[in-house]
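Visitor: Quick one: sequence and predicted model below, then my questions.
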Amino acid sequence: MSVPRGGVYLGLGANLGDPAQQLRRALAQLQGDGAIRLLRCSTFHRTAPWGRLDQPEFVNAVAEIDTALEPDALVEALLATERALGRQRDAGRWGPRLIDLDLLLYRERELALPGCRVPHPRLAERAFVLVPLAELAPDARVPGLGSVAQCLQRLSPAERATVLPGTGSVALEAAAPQAR
């Protein structure tokens, strides 16, 4: 068995159907991929919409994974998971969605590939990402921006308030039986 490398963080979000169930399904689908091993997941948080306010609240979380996939291949796996769960990319920017999976951090690397920028370009602006990420890794480095905790501290109290009390912890065993 390989030693977990971790340090790869994914953002998960949904606001259509049963959003919490969609996140659980995405975690199970990713774990079933074989090239991805779920290490930990934050609690699920209800969050106010970002960008477009005329839509339902989201449920957001962050997962830490171990993978040998390079970032571009990992992004392809995330997109395939979204498609398998019914996501259609026609709702427009920041619109409602069944599932959204984003590569946030990849082992403190900075990358600019076609269709893949790491760290996620707007990570430091979004409380709905930073709050659950800080739950897992407050000291993780965001290249060029400092730690996750420092990024979160730079957000205004009003921005941080868009993340509502958690919806409870995630049962990793139910979502992904092999996760530890």
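Guide: That came through fine. Numbering: from 1, shown residues only.

Visitor: Would you tell me which strand is longest in the chain?
Guide: Looking only at the chain and at elements set by DSSP state E, the strand with the highest residue count is strand 58-67.

Visitor: list the buried ones in that one?
Guide: Neighbour-count burial for strand 58-67, counted by 16 or more other C-beta atoms under 10 Å, picks out 58, 59, 60, 61, 62, 63, 64, 65, 66, 67. No exception for glycine: its C-beta is placed from N, CA and C like everyone else's.

Visitor: what kind of secondary structure is residue 23 in?
Guide: Secondary structure of residue 23, reduced to three states by DSSP: H, G, I helix; E, B strand; the rest coil: helix.

Visitor: hang on, it packs against residue 15?
Guide: No. Between residue 23 and residue 15 there is no contact, the gap being 10.8 Å when judged by C-beta atoms under 8 Å.

Visitor: which of the two has more neighbours?
Guide: Set side by side, residue 23 and residue 15 give different neighbour counts by other C-beta atoms under 10 Å, the larger being at residue 23 (27 against 21).

Visitor: coming back round to it: what about the helix or strand following the longest strand of the chain, distance to the chain center?
Guide: If you walk from strand 58-67 toward the C-terminus, the next helix or strand you reach (DSSP states H and E) is helix 71-84. Between the centre of helix 71-84 and the centre of its host chain there is 13 Å, according to C-alpha atoms, centre = their mean, to the nearest Å.

Visitor: relative to helix 71-84, how tilted is the next helix or strand after helix 71-84?
Guide: Later in the chain than helix 71-84, the nearest helix or strand by DSSP H and E is strand 100-106. Orientation check (axes from the mean of the first three to the mean of the last three C-alpha atoms, to 10 degrees): strand 100-106 against helix 71-84 gives 160 degrees.

Visitor: Show me what the helix or strand just after strand 100-106 is packed against.
Guide: Helices and strands here follow DSSP H and E; after strand 100-106, the next one along the chain is strand 111-113. Secondary-structure packing of strand 111-113 (3 or more C-beta pairs under 8 Å, 6 or more residues apart in numbering; DSSP states H and E): helix 71-84.

Visitor: May I see the buried residues of the helix it packs on?
Guide: Of the residues in helix 71-84, those buried by neighbour count under the rule 16+ other C-beta under 10 Å are 71, 74, 75, 77, 78, 81, 82.

Visitor: Where does pLDDT dip in this structure?
Guide: Along the chain, the model assigns pLDDT under 70 to residues 1-4, 89-95, 165-180.
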